[in-house]
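> Predicted model follows, preceded by the sequence.
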Amino acid sequence: MDFLEHNALYVVGIISAVIWFGLFLFMFGVERRVRKLEREP
Amino acid sequence: MRLFRSNIFLWCLGIVLAVQVYLSFEIPVAGSFGDAAMLSMSGVQDVTPVKATLVSVDSGFARFSDLYGDSGRVYVTDRSYGTYKSSRPGDVLVMSVAYDRSAKGFDLVEIIRENPAITFPMIQGLGELGRNMLFHVPMSMVAFLAFLLGTIYSVLYLVKKNHDYDRRARASSAGGFLFTALATVTGSIWARFSWGTFWNWDPRETSIFILLLIYAAYFMLRSLLEESEDKKARIAAVYNIIAFVSVPFLMFVVPRITNSLHPGGGGTEAPLLNLSGKTHTAPSLGIMFEISTLLFFIVFLWMKDLVTRILRIHDKRAEAL
């Protein structure tokens, strides 16, 4: 708990970065599937 | 857009976005000795981060000069003496200090950073919450640009009767709706700590709620119509153009002509979006704000591109059946 109290901003920063990077990975997955579907005749 | 077909570009975008989001929290917020004294005397907060240059370490206290050139005495305690001992005159320290009224100086609570490359300014009344400016305001700006783009595509559809413009208009408006919702959520979190409640029907909050309803009606209209594809697209395009007329009014005019608590309301000048067109904030925050806006706009363009392509595949399959 002490660690969280003293490093609250770093923790929030890392969680936010992970959320946005997770969103990026999701969109990248969709992008790859769309590319596959576009190649289908 | 061809750019979004490049995996290298997309990976760079993902990494830069994650780094930017992390830096928005990592860069220290620091004010002046005046901020620390004022916040302490008004009872807002006892401990305030201050950025100052070490001038000298005397017996019992250290002399500092803050970003406005004001000097301040920070009292040396057993705990802080070691820190000053390793610092040299000319070193810049970001430190948490508590105002000591009786001694007319400051007690060191904690050294946050030594010689930081960049700091964010302390915005009176916001403190650490000022970081939200790097999310809330860029998201609102991207939402406006998305609605504008959607309207341009709707006009192009009515002129050229090309269904691809209709798909792009739908994708842009969906992006605008998403970013408006994100701006509302981040604004609501801000309101909880600045105004004391997540939602209090302030004119700013009410106007954005009406805007969300107007665009929710656009998507409902598009999906509920049982006309031919051409007629559906035409009606949706006309509605989209009419809906956009309300966007500048609800986004920019309503909060400025009413007694809103939102910056820019009640005759005050907002620090970033204002009638004078000037940015009233330190360059460090201004540059980070511009990078945030650009990155969120690129993410929106990618989302729009993806949704357009999915709609294209959907329509192609529907035609084939």
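Everything's here; your move.
> Which parts of the chain are helices?
Let's take chain A. Along chain A, the stretches classed as helices by DSSP state H are A:2-6, A:8-39.
> You answered for a different chain; I wanted chain B.
B:7-26, B:33-41, B:78-86, B:136-160, B:163-194, B:203-224, B:229-248, B:254-257, B:283-320.
> so which of the ones you listed gets nearest chain A?
Shortest distance between chain A and the helices of chain B, using Cβ to the nearest Cβ, is found for helix B:7-26: 3.0 Å. For glycine as for every other residue, the C-beta is placed from the backbone atoms N, C-alpha and C.
> what's the most buried one of the helices of chain A?
helix A:8-39 (a mean of 14; mean count of other Cβ atoms under 10 Å in any protein chain shown).
> Which strands or helices does that helix pack on?
helix B:7-26, helix B:283-320 (3 or more Cβ pairs under 8 Å, 6 or more residues apart in numbering or on different chains; DSSP states H and E).
> OK, contacts around the residue of chain A found nearest chain B?
Closest to chain B within chain A is A:G13: 3.0 Å, counting by Cβ to the nearest Cβ. Residues counted as contacts of A:G13 (Cβ atoms under 8 Å, 6 or more residues apart in numbering or on different chains) are B:21-26.
> Tell me which two in the residues you listed are the farthest apart.
Comparing every pair within those by Cβ to Cβ identifies B:V21 and B:E26 as the most remote, at 9.8 Å.
> Contact partners for residue 10?
Using chain A here. With contact set as Cβ under 8 Å, 6+ apart, A:Y10 has these partners: B:25-26.
> look at chain B instead
A:24, A:28, A:31, B:4, B:302 are the contacts of B:L10 under Cβ under 8 Å, 6+ apart.
> would you turn the residues you listed into a markdown table with pLDDT?
Formatted as a markdown table, the contacts of B:L10 follow (pLDDT from 0 to 100):
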| residue | pLDDT |
| --- | --- |
| A:F24 | 90 |
| A:F28 | 92 |
| A:E31 | 92 |
| B:F4 | 86 |
| B:W302 | 95 |
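> CSV please, covering those residues and showing distance to A:H6.
Putting those into CSV (distance: Cβ to Cβ, whole Å) gives the following:
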residue, distance to A:H6
A:F24, 29
A:F28, 35
A:E31, 39
B:F4, 41
B:W302, 37
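> And the worst-scoring helix or strand of chain A on mean pLDDT, what does it pack against?
Among the helices and strands of chain A, helix A:2-6 carries the lowest confidence by mean pLDDT, DSSP states H and E, at a mean of 73. Of the remaining helices and strands, none touches helix A:2-6 by 3+ Cβ pairs under 8 Å, 6+ apart.
> Just the residues contacting that helix, thanks.
Taking Cβ under 8 Å, 6+ apart as the rule, helix A:2-6 contacts A:V11.
> just stretch B:214-223 next, same as before
Here stretch B:214-223 has contacts from B:147, B:170, B:173-174, B:176-177, B:180, B:232, B:235-236, B:239-240, B:243, B:246, using Cβ under 8 Å, 6+ apart.
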